[in-house]
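# Could you look at this predicted model? Sequence included:
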Amino acid sequence: MLNSVDFSGKPFHFIGIGGIGMSALAYVVAKRKLPVSGSDVSPSHITQRLQAIGAHIFGSQDATNLEFFQLGADSGCAAEATATVSVGSTTLRMTEQTSKKEARSLVSLPTAVLPQVICSTAINPANAEYRAALELGCPIFHRSDLLAALIEDYYSIAVAGTHGKTTTSSMIGYLLLVAGLDPTIVVGGEVAAWEGNARMGQGDYLVAEADESDGSLVKLSAQIGVVTNIELDHPDHYENLEEVITTFQVFAQRCQITVGCIDCTTVRDRLKPTVSYSLQMDSGADYTADCAVYRADGTTAQVWERGKILGQLNLKLLGRHNLSNALAAVAVGRHLGLEFAVIANAIATFEGARRRFEHRGEVNGIRFIDDYAHHPSEISATLAAARIQAKELSNSSSGRVVAIFQPHRYSRTLAFLSEFGQCFYNADLAIVSDIYSAGEPNPGQISGQVVVEEIAKHHPQVRYQPSLQSVCQFLKENLHSGDIALFLGAGNLNQIIPEVIAFYENAEQGVHQECRRSA
């Protein structure tokens, strides 16, 4: 890292700007009226949102992209090649330079300036833009360096944990928003309340999701650090759980206070949080809950603060894990001095983040749910919530939970093969595709077929459908009214959901037309 991140006016260039974490940071930087450019080979509604607030997006990762801010505003008219790309129902227009001499910055800068280059762990050192940044002498920062700099600029709440950090950080951000504190928010999921994965506020608070996947969590120093739980989830980076614990310990030491869930024994014993929360009344935690009712349309519980009842909490979100996430939000809100009534009112209207048990549609009595769960613990929790919903929604005993799972990363799938085999007990039928590599090379030791064989040791109903096309076809032939089709994984499995829904919509329309003809 060269020097420190500069917010005084120097431009920023993001390599891979369309990623969920990178785009959130780029959004906040652009909303601070700083010049922003970035590259991404996959145009999307996320890059379109960045373009709408002034960021310049390149559709390829070329070395010449870094010259965008060096060319003065008086260097003539820009010649641009425009490509129109359809993403779902959205048509995007991507612009690229026809040559480096013809390109000009859309931002007028007084002098030629080298951009500050932001990259993530996913960027290969051989990347053309990265190599050019080194050769030009651009300041180069990991995305965590930029997040750390933003955290230092605010009264910050950084939410970490192996599971639940997107929902918890989004819920805390929403709480502060509803409470009128106008926070800046940077999370790893899209939230309808701010129409994306980031929000620029004018208040003193920043709520940020803090990711442990590459170890960069140790760079963050927030006023409040939240830790939801600790497990090994990234065996591509960590050798064992002990290394993960060390990362969280450093993070906790760098935060002024730590809010932690002591239902996770690792958090309880190894972190010893300043403020604790638990779903167990006898845990000795600062914040607890009892009288919990888990329904198909949400969750209700009584919340206690250090032995005194605060009141009733109502959530639209399902399952024990989301009640635990809500307790974290209660603990943070109370530490900030908010009345419980304000906290409860906000949490009652929070609708969650995209791809976190996201309802995608219901056709022919089949409910389609998209969830990011990709670790055995997450799959177990999500299937438990789906089972609650299936029991209440089905008018007969035939209502099924159909789990469609795309394993994510060879390293994770191999490391947790046994656990994956045992986590589908709340599914009536499990369908498994081939592994989404996320850029990892195939070691030849693990495949979707091996995962199916492991699940079959514990579950009688499991099917292997290697490709997304074969998964899609299987679902078209085998879903029934009363089913919950639950799509699980952090890869691209959810891309087939619209096609499956459209198939059953057309089938439903065909039945209605036939009925009209018969009448």
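Nice, thanks for sending it over.
# A helix includes R49, no?
Yes: R49 forms part of a helix when assessed by DSSP: H, G, I helix; E, B strand; the rest coil.
# so who does it touch?
Residues counted as contacts of R49 (Cβ atoms under 8 Å, 6 or more residues apart in numbering) are 23, 27, 195-196. Glycine gets a C-beta too; all of them are placed from N, C-alpha and C.
# ok, now how distant is it from I57?
Distance, R49 to I57, using Cβ to Cβ, to the nearest Å: 10 Å.
# Any of the contacts of R49 buried? List them.
Neighbour counting with 16 or more other Cβ atoms under 10 Å marks 23, 27, 196 as buried within those.
# who does the last one bridge with?
What it means is G196. Beta bridges link G196 to V191, judged by DSSP bridges.
# That one against S44, yeah?
No: G196 is not in contact with S44 according to Cβ atoms under 8 Å; the separation is 11.5 Å.
# all strands of the stretch 351-500 of the chain, in order?
358-363, 366-371, 401-405, 429-432, 462-464, 484-488 (DSSP state E, counting those that start in this stretch).
# Go through those strands and name the closest to S8.
strand 358-363 (39.6 Å; Cβ to Cβ).
# What residues sit buried inside that closest one?
Counting neighbours by 16+ other Cβ under 10 Å, one finds that the buried residues in strand 358-363 are 358, 360-361, 363.
# Got phi/psi on L315?
Recorded main-chain torsions at L315 are phi -120, psi 150, according to degrees, to the nearest 10.
# Give me the neighbour count for it.
By other Cβ atoms under 10 Å, the residues close to L315 number 24.
# circling back: turn the contacts of R49 into a markdown table, columns for distance to H459.
Output for the contacts of R49, formatted as a markdown table (distance: Cβ to Cβ, whole Å):
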| residue | distance to H459 |
| --- | --- |
| S23 | 38 |
| Y27 | 42 |
| E195 | 39 |
| G196 | 38 |
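# T413: which of these is nearest?
S23 (27.0 Å).
# what does the strand or helix carrying that closest one contact?
Assigned by DSSP states H and E, S23 belongs to helix 20-31. Residues outside helix 20-31 that contact it (Cβ under 8 Å, 6+ apart): 12, 14, 16-17, 36, 38, 46-47, 49-50, 53-55, 118, 120, 143, 146-147, 150, 184, 186-190, 196-198, 200, 211.
# Helices of the stretch 251-400 of the chain, start to end?
Remark: helices assigned in the stretch 251-400 of the chain by DSSP state H, counting those that start in this stretch are 265-266, 320-335, 340-349, 376-393.
# burial of V303, as a residue count?
25.
# Let's test this: name the helix or strand in this protein with the lowest mean pLDDT.
When each helix and strand of the chain is scored by mean pLDDT, DSSP states H and E, strand 80-87 comes last, with a mean of 33.
# sorry, back to before: can I get the helices of the stretch 251-400 of the chain in CSV including mean pLDDT?
Shown next, in CSV, are the helices of the stretch 251-400 of the chain (pLDDT from 0 to 100):
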stretch, mean pLDDT
helix 265-266, 97
helix 320-335, 97
helix 340-349, 98
helix 376-393, 90
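# What is the nearest of the contacts of R49 to S470?
Taking the contacts of R49 together and measuring to S470 by Cβ to Cβ, the closest member is S23, at 31.7 Å.
# quick one: low-confidence parts of the stretch 201-350 of the chain?
Across the stretch 201-350 of the chain, nothing is flagged by pLDDT under 70.
# Let me see the residues that make contact with stretch 236-254.
158, 160, 162, 210, 212-215, 217-218, 220-222, 225, 227, 230-234, 258, 260, 266-267, 270-271, 273, 409, 411-412, 440.
# Show only the entries of the residues you listed found in helices.
266, 411-412 (DSSP state H).
# Which one of these is nearest to G137?
Out of the ones in helices among the contacts of stretch 236-254, the member with the shortest distance to G137 (by Cβ to Cβ) is S411, at 34.9 Å.
# Okay, strands next: where are they in the stretch 51-200 of the chain?
Using DSSP E, counting those that start in this stretch, strands in the stretch 51-200 of the chain cover 56-58, 80-87, 90-97, 116-119, 140-142, 155-160, 184-191, 196-199.
# could you flag which of the contacts of helix 20-31 are buried?
Counted by 16+ other Cβ under 10 Å, the contacts of helix 20-31 give 12, 14, 16-17, 36, 38, 46-47, 49-50, 55, 118, 120, 143, 146-147, 150, 184, 186-190, 196-198, 200, 211 as buried.
# close enough to count as contact, S276 and D286?
Yes: between S276 and D286 there is a contact under Cβ under 8 Å: 5.1 Å.
# joint contacts of these two?
Here S276 and D286 share no contacting residue, scored by Cβ under 8 Å, 6+ apart.
# re earlier: report the buried members of the ones in helices among the contacts of stretch 236-254.
The neighbour count (16+ other Cβ under 10 Å) marks 266, 411-412 as buried among those.
# show me the contacts for the nearest residue to G189 once chain neighbours are set aside.
Residue nearest to G189 in three dimensions, not counting chain neighbours: A353, with 3.6 Å by Cβ to Cβ, 6 or more residues apart in numbering. Residues near A353 by Cβ under 8 Å, 6+ apart: 166-167, 170, 187, 189-191.
# Name the nearest of those residues relative to Q465.
Of all the contacts of A353, G189 has the smallest distance to Q465: 26.9 Å, by Cβ to Cβ.
# My read is that the closest one contacts T168, right?
No: using Cβ under 8 Å, G189 is not in contact with T168, being 10.9 Å away.
# Most widely separated two among the contacts of A353?
Counting by Cβ to Cβ, the most remote pair of the contacts of A353 is T167 and E190, 12.3 Å apart.
# List the ones among the contacts of stretch 236-254 that fall in strands.
158, 160, 225, 227, 258, 260 (DSSP state E).
# Any chance of TSV for the residues you listed, columns neighbour count and distance to S324?
Shown next, in TSV, are those (neighbours: other Cβ atoms under 10 Å; distance: Cβ to Cβ, whole Å):
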residue	neighbour count	distance to S324
A158	27	18
A160	28	15
G225	28	17
V227	30	12
T258	24	16
G260	32	11
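# Save these as CSV, and put in distance to F420 too.
Shown next, in CSV, are the ones in strands among the contacts of stretch 236-254 (distance: Cβ to Cβ, whole Å):
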residue, distance to F420
A158, 30
A160, 24
G225, 30
V227, 25
T258, 31
G260, 27
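# Those: which two are farthest apart?
A158 and G260 (12.7 Å).
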